[in-house]
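A.B. asks: Dropping the sequence and predicted coords here.
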Amino acid sequence: MKKALLTTHLVGVLLVGTAVPGAAISDTGSTPLPGTGAKVEVNAWHCNVYADKCSFKTSTKTTKGGSKYKVRKITNTATVKANGWQATLSLSPSGTYVSENTRQVSWTNKNTWIADVSGIADPGGSLNTSITTCSDGGAFNAGVKAFASACAND
């Protein structure tokens, strides 16, 4: 009886463990903002292990010497793609339809240093295997602009 309970408990722990997101998949890219000494940095992140849905987050930031650097306009576009045979994708927030398996969500801020996008990806399809999250960002200040990109892919 003890052995059966222990086995049942172990299986329960393993099942619960697979439903909880594990370590994140992420990527970062950066480029200088000409003539300012600042840089534009983009980040893309999504969960590593998921049973049904997966959280994602992208950001664009401007920094100078490790400190926040305010710009006139900063943008971030998250592109999330479901990878796999006959893959489909829905997002929350819904975003812009690109294709059956790809959606985009954009955000623009003015007179600040950061623009973030986050949400939940719900991939589907008969043999869906993974998602890819890309972040494309740009900063505009005093007649100069710079763009950077990053893609997290598992």
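C.D. replies: Arrived safely, thanks for sending.

A.B. asks: all helices for this protein, in order.
C.D. replies: With DSSP state H, the ranges of helices along the chain come out as 2-19.

A.B. asks: Show me the shaky parts of it.
C.D. replies: The chain contains residues with pLDDT under 70 at 1-22, 126-128, 154.

A.B. asks: could you pull out the strands for it?
C.D. replies: 24-33, 38-47, 54-64, 67-68, 71-85, 88-92, 96-99, 102-112, 114-124, 127-141, 144-153 (DSSP state E).

A.B. asks: Quick one: those as JSON lines, columns for mean neighbour count too.
C.D. replies: C-beta here means a position set from N, CA and C on the backbone, and glycine is covered the same way. JSON lines is the format used below for those (neighbours: other CB atoms under 10 Å):
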{"stretch": "strand 24-33", "mean neighbour count": "17"}
{"stretch": "strand 38-47", "mean neighbour count": "23"}
{"stretch": "strand 54-64", "mean neighbour count": "22"}
{"stretch": "strand 67-68", "mean neighbour count": "10"}
{"stretch": "strand 71-85", "mean neighbour count": "21"}
{"stretch": "strand 88-92", "mean neighbour count": "17"}
{"stretch": "strand 96-99", "mean neighbour count": "12"}
{"stretch": "strand 102-112", "mean neighbour count": "16"}
{"stretch": "strand 114-124", "mean neighbour count": "19"}
{"stretch": "strand 127-141", "mean neighbour count": "22"}
{"stretch": "strand 144-153", "mean neighbour count": "18"}
